[in-house]
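Participant: Kindly return the folded structure for what I paste below:
(3 chains, ligands or ions: 4)
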Amino acid sequence: MSLTQGDYYVPHGTAWPIIGSIGLSTMLIGTANFLNGSGIGMTMMIAGLCITLFMIFGWFRTVINESEEGAYNSQVDRSFRWGMGWFIFSEVMFFAAFFGALFYARTLSGPWLGGADEVTNSLLWDGWEYAWPTNGPGNVGGHFERMAAWGLPAINTMLLLSSGVTITLAHWALKKQDRAKLVLWMLVTAALGALFLFFQVEEYMEAYQDMNLTLGSGVYGSTFFMLTGFHGLHVTIGTIMLLIIAFRCMKGHFTPDQHFGFEAVAWYWHFVDVVWLGLFIFVYIL
Amino acid sequence: MSTTMTHDDHHEEHPTGLSRWIFTTNHKDIGTLYLLFALLMFMVGGAMAMIIRLELFQPGLQFVDPQFFNSMTTMHALIMIFGAVMPAFVGLANWLVPMMIGAPDMALPRMNNWSFWILPFAFAMLLSTLLMEGGAPAGGWTLYPPLVLQTGNAFPFLIFSIHLMGISSIMGAINVIVTIVNMRAPGMTLMKMPLFVWTWLITAYLLIATMPVLAGAVTMLLTDRFFDTSFFDAAGGGDPVMFQHIFWFFGHPEVYILILPAFGIVSQIIPTFARKPLFGYSSMVYATSSIAFLSFIVWAHHMFTVGMPLTGELFFMYATMLIAVPTGVKVFNWVSTMWRGSMTFETPMLFAVGFVVMFTIGGFSGLMLAITPVDFQYHDTYFVVAHFHYVLVTGAVFAIMAAAYYWMPKWTGNMYNETLGKWHFWLSTIFVNVLFFPQHFLGLAGMPRRIPDYSLQFAEFNMISSIGGFAFGLTQLMFVYIVFQTIRGGEKATDQVWEGAEGLEWTLPSPPPYHSFSVAPEIK
Amino acid sequence: MLVPTFKQKLASLAGLAALTGSSGAMAEYALNLMPGVTPLSQSAYDLHVLILWICFWIGMVVFGVIFYSVLAHRKSRGAVASQFHESTTMEIIWTVIPFIILIGMAIPATKTLVAMEDVSNSDLNIKVTGYQWKWGYDYLGEEVGFLSSLSTPLAQVTGEEPKGEHYLLEVDNPLVVPINKKVRLSITASDVIHSWWVPELGGKKDAIPGYINEMWFKAEKEGTYRGQCAELCGKDHGFMPIVVVAKNEADYQQWLSAQKTANDADAAAADREWSKSDLIARGETVYNSSCAACHQANGQGIPGAFPGLVGSALTTGPKNAHIDIVMNGKAGTAMAPFAAQLKDIDIAAVITYERNAWGNDVGDMIQPSEIKAAR
Ligand code: HEA
Ligand code: HEA
Ligand code: CUA
Ligand SMILES: [Cu+2]
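Facilitator: Numbers count the residues shown, from 1 in each chain, chains lettered A, B, ... in the order given. Ligands and ions are numbered 1, 2, ... in the order given. Got it, this is the predicted structure:
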């Protein structure tokens, strides 16, 4: 039950948000119980996750249908653009927190412990010298190897960069009304994303099994896995969204001048791409 | 950015009862939900404050054990900041921004509903920790590790409730920004926007820029506790102080998030009751923007005692002191607006003038705190507590009350009881000073914050403060009464309500139609 | 330290003069910052008074204007609103003037700060360690070190006894320093963040686990100076005071040598065999100063927060496990590794006590030698 007023579409009544809230909090309460080692935790977590996913798909289905019914005018479209833009900005700031942690550890706390602050070093960590990567004066997690930049990570960089190209090709195809090409390039982009994830899993397994590099490997392990991990999570979400867009393209959604859904995902994908470049430089190379 | 609305009300049926409130996408309904939720949380957080003041009424441990006392301090702060003041401001934005810029509703109505409906769950989660093994979080609202990592079962619930609050604020902020940039009626140029809209635009930006950083910080706490990362552990190469930097990078902008909308409110109210246009509109806009900019480069003034390098301390001292300049500009502009006006002092104006005076007092103590070498003495004493309650209670909260009295007639269509309103103001103003002014002396005399018991030379002023606290608290029950009285009925309000009121919201009937501007208004 | 009566305070409260320290030092004690007894605390105090006055006068002006216009420009007085609403000159004036005032404040502030941060060429260096909830002091270079914890009896806190003059501001072993010497403190913590603060010796510095922060002071008057931990550090944050006794050089040296002999005694004690009763006797005192805060004097602990020791698996089980927990602590909890804090003899004594107190009658005892071995 919704109604269009003149141009600007204002939906009337929606159940998705409350379902989302229930889903999210069930999931988080479940996770919390799980972390506290209580039995029901895991089940609640999964139940909550399902509800949340149900909400996400339902909500988007509603929006997509409205969009296909042509309920959205150019101003609504603009609202979505601004909204997506600021959402991505908030994501950037989330990653900024972890990059900040990385820089702080590398340029301040590490050196201080290592002697840039003599008293700290001589009185508490006598004889310890700082060198990045580090697991700290406590040698937390035991000896580990650093993840080399020019193996899998380099390949992954190529994959993501080229996926940035392919999605642009898809965009051109969409503008040129060339469905076949459009769908093709979308699928290729999604495939590249999936391949990236596959290699990242490889990389993690190598780290844990052969290099003794874990979340517990001091501040290097912490920053390495948190940064790449959250990025990987975003790639996963992005890939799923790419597939959905590809699917919508097959169903004939989007017109050359009205295809914000496509662009939103493209923006998101480019954002994930840029974050990776930051990671590749600051986590792997330097 | 044109919006033309053709729309007639009787075609749509409004759901009634509970479902109206749960499913609503209407900016007024959601605004109301936000405001009532904020009021409820103000009560809860205030009741906790009362427990604090009760324990501090005299030396010795009388009522609660130290651990629970620390929980009260922690929960009081989290609830007041994230549960009372921020939702109140978002509620005001929901009600007013569309009406002030001539829009039919918020830009993203469904998301608007979600921004609100996350909050009850978040705070249910937070409050539930009071019943958990090991008690509620007791590490202070600043959540410093390693202490906060000693929290019992409450720990993950604390972290996740903060995540939820963050999601809610971010979505709310996105909605406000998009509404302001995209939904303005034709002719409503940026420099014609009411200052409340301006301050909220900037506040929303601060929110989107800092809330995710807080989310990141608490996520690191979570992994340090459960997934043996070492962000805040020296043995692993991390640093407990690193958390403080990340937290305060959020935390300082946060305190301006708690005051900029208040600046906006006061800038709406004073001109109305001075019957005189706001003095220096554009300089107000620039001042607000520079405050927002500076707020990103002063965070470490909360950390002068953590042992930063001298250069760092100097930089943060200078940057912090600078904020006095744009803030001063605002104060002086308000004063000049009053100057040679034709003033009447209905309740909103009383609260607004009270705000200007008492916020300034809080600002002065803030400036004193900015002087690093003296902050070594002030830091973590009741002087700080006095400072931030002046800016938060007689600042943010007084502004919110002013706003409530100012716009309630518009929202409900009924005038509030003026006599009761005036009583509410005067009692609040007297007791809030009895409550918080002596805390300056306590701090200077050397009483640390966050302690349940204190040595004897602090006894008298604590007693005075507590008495003021109880009286102030009871006074707030008046406010609750007045609000519900006004909602239920009372003398009908005209459309313009206040003789000197300017702005689009006053051109609408009181109460306004379900969709504010079905037809976009013309702006002269 | 004389506690002024309420009347005195109100007296000094009236008239802001008191706030500025111009009135008698004692009367203002609980009203205003303490000038203190070091050059730095003095200059901090002067800065404080300066800024306070500046803000006071700016306030007077601003509020004066507000109240004048509130009185004069009201409609009821028939005031008609003039419509002026901007003036670039005014804006510039009230941007520039505050800016200049701020520079005036920044200059002396910078000078003081630079002096405070200069810990170079000190005469005496003491390592300060914050524990939940007591302080540890090690005189670097001298073989002297000890713990310092609250000595106010619990009965006073709970109100069963009248509160003493130095309620909550008294400790068992105060920090002793010579006057007119530059004392340099190297501050750290073992568990959570604390903050070492004695108002009369000038500012505070946080004690951060894993890092050292430095500050210095030069006490110019003999006397006893009291302060408190100033960073929330958990349950008993309010109960870990700091007491510094400043003695003249001679008395200080005397005290120092006394400490050393006491140490040697302990060292000797650690090597000899101890009788169970002596261990238990000594253990009880150690327990009450180091363990009772959490596990409670009656060993019952605080359910949910701190485990009880009465009949617990640990205190009545194999002693090696018991020794291990006490010496190495329990990660992620408030249970600290006491090997770092306590002498062998004290650890041995306290464990023996725990295993034989409150009806725990395991019967066995632990000798200091066993602890030494376990290190
Ligand atoms: C609404 C919230 C709010 C606001 C607006 C402010 C405003 C300011 N705050 Fe405050 N502050 C808090 C909320 C706020 N603060 C909180 C919650 C804490 C404690 C957090 C915690 O630890 O729990 C805190 C703590 C805090 C500290 C840390 C103290 C410590 O822990 O040791 C400092 C230090 O610099 C500080 C400084 C300032 C300054 C300089 C301003 C300035 O913005 C004030 C500017 C205003 C004026 C100066 C008055 C008007 C100006 C004039 C009339 C012009 C002429 C004046 C002069 C030239 C002097 N604040
Ligand atoms: C916007 C934020 C906000 C607001 C509005 C308040 C409002 C109040 N605060 Fe709060 N406070 C903080 C933010 C806020 N505070 C923060 C950030 C801290 C720091 C926490 C930390 O250190 O981590 C703090 C800490 C703090 C302390 C220091 C605690 C400590 O260091 O241990 C104290 C002590 O007096 C205090 C008191 C009060 C009082 C009396 C009120 C009053 O204004 C409240 C009045 C309202 C009511 C009382 C509710 C309405 C009445 C009822 C519910 C009926 C019941 C009333 C009676 C029976 C009398 N606050
Ligand atoms: Cu130690 Cu507070
Ligand atoms: Cu701040």
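Participant: what about stretch B:313-320 and chain A, touching?
Facilitator: No. If you take CB under 8 Å from any CB of the partner chain as the test, stretch B:313-320 misses chain A, and the best it gets is 14.5 Å. Glycine gets a C-beta too; all of them are placed from N, C-alpha and C.
Participant: helix or strand for the one residue in chain A that gets nearest to ligand 2, which one?
Facilitator: Nearest residue of chain A to ligand 2: A:A97, at 21.2 Å (CB to the nearest ligand atom). Using DSSP states H and E, A:A97 falls within helix A:74-104.
Participant: Quick check: next helix or strand after that helix?
Facilitator: That would be, after helix A:74-104 and using DSSP H and E, helix A:110-111.
Participant: Now do the buried residues in stretch C:236-251.
Facilitator: C:D236, C:H237, C:G238, C:F239, C:M240, C:P241, C:I242, C:V243, C:V244, C:V245, C:A246, C:K247 (16 or more other CB atoms under 10 Å in any protein chain shown).
Participant: average pLDDT across stretch B:202-215?
Facilitator: Average pLDDT, stretch B:202-215: 96.
Participant: what sits up against that stretch?
Facilitator: A:86, A:89-91, A:93-94, A:96-97, A:100, B:89, B:162-163, B:166, B:169-170, B:172-174, B:176-177, B:180, B:246-247, B:249-251, B:253-254, B:256-257, B:260-261, B:288-289, B:292, B:295-296 (CB atoms under 8 Å, 6 or more residues apart in numbering or on different chains).
Participant: Tell me the pLDDT of B:A88.
Facilitator: The model's pLDDT for B:A88 equals 97.
Participant: Return the list of helices and strands in contact with whichever strand or helix holds it.
Facilitator: Following DSSP H and E, one finds B:A88 within helix B:86-101. Under the contact criterion of 3 or more CB pairs under 8 Å, 6 or more residues apart in numbering or on different chains; DSSP states H and E, helix B:86-101 touches helix B:27-55, helix B:109-128, helix B:154-182, helix B:195-226, helix B:260-274, helix B:398-412.
Participant: now, which of the buried residues of stretch C:236-251 lie within helices?
Facilitator: With DSSP state H as the criterion, helices contain none of these.
Participant: Which of these sits closest to A:A207?
Facilitator: C:H237 (40.6 Å; CB to CB).
Participant: residue contacts, B:M408?
Facilitator: Counted by CB under 8 Å, 6+ apart, B:M408 has contacts B:N414, B:Y416, B:V483, B:T486.
Participant: Out of the residues you listed, the closest to ligand 3 would be?
Facilitator: Closest to ligand 3, out of all of those and judged by CB to the nearest ligand atom, is B:V483, at 40.6 Å.
Participant: Cross the buried residues of stretch C:236-251 against strands and list the overlap.
Facilitator: Using DSSP state E, the members of the buried residues of stretch C:236-251 that fall within strands are C:P241, C:I242, C:V243, C:V244, C:V245, C:A246, C:K247.
Participant: all strands of chain A, in order?
Facilitator: A:3-4, A:9-10.
Participant: What's the end-to-end length of stretch A:109-128?
Facilitator: Taking CA to CA, to the nearest Å, stretch A:109-128 runs 13 Å from one end to the other.
Participant: ok, is that stretch in contact with chain C or not?
Facilitator: Yes. Under the criterion of CB under 8 Å from any CB, chain C is reached by stretch A:109-128 at A:W112, A:L113, A:D117, A:V119, A:T120, A:L123, A:L124.
Participant: who touches that stretch?
Facilitator: A:129-132, A:134, A:136-137, A:219, B:234, B:237-239, B:241-242, C:127, C:186, C:188, C:210-212, C:214.
Participant: make it 7 Å
Facilitator: Stretch A:109-128 has contacts (CB atoms under 7 Å, 6 or more residues apart in numbering or on different chains) with A:129-130, A:132, A:134, A:137, B:234, B:237-239, B:242, C:127, C:186, C:188, C:210-212, C:214.
Participant: Now, these that are in strands?
Facilitator: Those of these lying in strands (DSSP E): C:K127, C:S186, C:T188, C:E214.
Participant: Spell out which parts of chain B neighbour ligand 1.
Facilitator: B:142, B:255, B:258-259, B:301-302, B:320, B:323-324, B:327-328, B:331, B:360, B:363-364, B:366-367, B:369-370, B:375, B:378-379, B:384, B:387-388, B:391-392, B:395-396 (CB under 6 Å from any ligand atom).
Participant: Can you list the buried residues in the helix or strand hosting C:T315?
Facilitator: For C:T315, the element it lies in under DSSP H and E is helix C:313-316. Counting neighbours by 16+ other CB under 10 Å, one finds that the buried residues in helix C:313-316 are C:L314, C:T315, C:T316.
Participant: Ligand 1: which of those residues is nearest?
Facilitator: Nearest member of the buried residues of helix C:313-316 to ligand 1, counting by CB to the nearest ligand atom, is C:L314, at 37.9 Å.
Participant: right, and the closest one touches C:D324 too?
Facilitator: No. Counting by CB atoms under 7 Å, C:L314 stays clear of C:D324, with 9.7 Å between them.
Participant: pLDDT below threshold where in chain C?
Facilitator: Chain C contains residues with pLDDT under 70 at C:1-30, C:304, C:332.
Participant: From the centroid of chain A, which residue is nearest?
Facilitator: Against the mean C-alpha coordinate of chain A, by CA atoms, centre = their mean, the closest residue is A:H234 at 1.6 Å.
Participant: Just the closest residue of chain C to ligand 1, please.
Facilitator: Counting by CB to the nearest ligand atom, chain C gets nearest ligand 1 through C:P98, at 3.5 Å.
Participant: Now that residue: which helix or strand?
Facilitator: Going by DSSP H and E, C:P98 is part of helix C:88-117.
Participant: Give the other helices and strands that that helix contacts.
Facilitator: On a contact count with 3 or more CB pairs under 7 Å, 6 or more residues apart in numbering or on different chains; DSSP states H and E, helix C:88-117 meets helix B:310-322, helix B:324-338, helix B:372-378, helix C:39-72.
Participant: contacting residues for the residue of chain C closest to ligand 1?
Facilitator: Contacts of C:P98 by CB under 7 Å, 6+ apart are B:A324, B:V325, B:G328.
Participant: Isn't the last one up against C:I97?
Facilitator: No. Under the criterion of CB under 7 Å, B:G328 lies out of contact with C:I97, with a separation of 8.8 Å.
Participant: ok so, going back, now the residue nearest to the centre of chain A. Nearest residue, chain neighbours left out?
Facilitator: In space, and not counting its chain neighbours, A:H234 is closest to A:V272: 4.9 Å by CB to CB, 6 or more residues apart in numbering or on different chains.
Participant: Burial check on the one you found, number of neighbours?
Facilitator: Using other CB atoms under 10 Å in any protein chain shown, A:V272 has 25 other residues around it.
Participant: same question, A:T107
Facilitator: 12.
Participant: re earlier: I'd like to know which of the buried residues of helix C:313-316 is nearest to ligand 3.
Facilitator: Closest to ligand 3, out of all of these and judged by CB to the nearest ligand atom, is C:L314, at 26.0 Å.
Participant: Could you check how far the closest one is from C:A321?
Facilitator: C:L314 sits at a distance of 6 Å from C:A321 (criterion: CB to CB, to the nearest Å).
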